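K.L.:
generate coordinates for the sequence data below:
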Amino acid sequence: MSDTPDDALLVERRPDGVAVLTLNDPDRRNAMSDELTAAWKRTIAELREDTGLRCVVVTGAGSAFSSGGNLSWLADTGAVAVPPLRDRMLGFYRTWLAIRDLEVPTIAAVNGHAVGAGLCLALACDLRYAADDAKLLAPFTALGLHPGMAATWLFPEVAGLPLAREMLLAGRVLTGAEAAEQGLVNRAFPRASVLGEAIGVAERIAAQAPIATRLTKVALSNGGHRDMESALRWESLAQPVTMSSRDMLEGLAAQREKRSPNFTGE
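P.N.:
A predicted model of the protein is given here:
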């Protein structure tokens, strides 16, 4: 495993094109400190330029996925005008949510508690797998705060308005197992196996044709198409792109020869 210079974020580059990012501040339950935020910004920029990248898995070190934003500075914000606070928060949100801009699928391995902005980070990923005993909550209003980190978009997008209202207005706390039942995460597993299960899914994604996978991610982004006609228009362009690729010929040959395909992204 290779580390970022300050070790706030561990980055493992696997030979199959899977990158595993580990938020590495367990003593602070992987709170989104300035140091971790800076490391995240650098790493996402590097991954964006990695043409061999196939899938990204995000998890946390220790017992938590992330406790969210580092709230220690909030007590002093009452003396700060709204415009500079707005600029600071917008930069923070955009830095962490840049994971949505990656062209490859992303997976959150929620190994423990995911709170506030930390839960939003998990929701920003394409897939989520959680420890069955993890706690998922968004206690913004209990702190006197309006939700941030695109919570008012991400919660309804992932699980619908009824659950979004219950969690953001009434402060409902879900275990990982309950989150799976409610559709907030895809599946829940015993804590010790969450990361391994997530990496297993990442390996299956990495084995698929990269061009087709990236185009499919685009089609499903931001809630998918607004209607069926929009989907048909997109697919009538995107599917011919894949039809002209060498990967499609390889996929057909592999099926005919009853072997695993070797996709190259060409």
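
K.L.:
per-residue pLDDT, L9?
P.N.:
At L9, the pLDDT value in this model is 97.

K.L.:
and the helix or strand hosting I107, which strands flank it?
P.N.:
Per DSSP states H and E: I107 is located in strand 106-110. Its sheet considered, strand 106-110 pairs with strand 55-60 (parallel), strand 127-131 (parallel) by DSSP bridges.

K.L.:
avg pLDDT for it?
P.N.:
98.

K.L.:
next, the residue nearest to V20 when sequence neighbours are not counted: phi, psi?
P.N.:
Sequence neighbours aside, E12 is the residue nearest to V20 in space, at 4.2 Å (criterion: CB to CB, 6 or more residues apart in numbering). In this view, the C-beta of every residue, glycine as well, is placed from N, C-alpha and C. The phi/psi pair for E12 (degrees, to the nearest 10) reads phi -110, psi 120.

K.L.:
likewise I44?
P.N.:
With angles defined as degrees, to the nearest 10, I44 sits at phi -60, psi -40.

K.L.:
before we move on, what about L174?
P.N.:
phi -110, psi 140.

K.L.:
chain neighbours aside, what residue packs nearest to it?
P.N.:
L136 (4.7 Å).

K.L.:
was I right about that neighbour contacting V110?
P.N.:
Yes - contact criterion CB atoms under 8 Å: L136 and V110 qualify, at 7.2 Å.

K.L.:
elements contacting the helix or strand where L163 lies?
P.N.:
With elements taken from DSSP H and E, the one containing L163 is helix 161-170. Judged by 3 or more CB pairs under 8 Å, 6 or more residues apart in numbering; DSSP states H and E, helix 161-170 is in contact with helix 151-159.

K.L.:
got any ranges where the chain has weak pLDDT?
P.N.:
Applying pLDDT under 70 to the chain flags residues 1-6, 72-80.

K.L.:
thinking again about what came up before, how near is the residue nearest to V20 to N186?
P.N.:
Distance of E12 to N186, given as CB to CB, to the nearest Å: 22 Å.

K.L.:
just G112 next, same as before
P.N.:
For G112 relative to N186 (CB to CB), the value is 17 Å.

K.L.:
more crowded one of the two?
P.N.:
The neighbour comparison of G112 against N186 (other CB atoms under 10 Å) goes to G112, with 26 against 17.

K.L.:
so what's that one up against?
P.N.:
Listed by CB atoms under 8 Å, 6 or more residues apart in numbering, the contact partners of G112 are 60, 62-65, 131, 134, 191.

K.L.:
same thing with I205?
P.N.:
54-55, 104-105, 213.

K.L.:
V104 is in contact with I44, correct?
P.N.:
No - counting by CB under 8 Å, I44 does not reach V104; the two are 11.7 Å apart.

K.L.:
surely G118 and S67 touch.
P.N.:
Yes - assessed by CB under 8 Å, G118 is found in contact with S67 at 5.8 Å.

K.L.:
picking up where we left off before, I'd assumed the residue nearest to L174 was in a strand, is it?
P.N.:
Yes - judged by DSSP: H, G, I helix; E, B strand; the rest coil, L136 forms part of a strand.

K.L.:
bridging residues for it?
P.N.:
Beta bridges link L136 to A114, L174, judged by DSSP bridges.

K.L.:
any chance of the strands paired with strand 106-110 in a markdown table, with mean neighbour count and distance to G251 too?
P.N.:
Shown next, in a markdown table, are those (neighbours: other CB atoms under 10 Å; distance: least, CB to CB, whole Å):
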| stretch | mean neighbour count | distance to G251 |
| --- | --- | --- |
| strand 55-60 | 26 | 18 |
| strand 127-131 | 27 | 22 |
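
K.L.:
need the ones you listed in CSV with distance to Q255, can you?
P.N.:
What follows is these, written out as CSV (distance: least, CB to CB, whole Å):
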stretch, distance to Q255
strand 55-60, 22
strand 127-131, 25
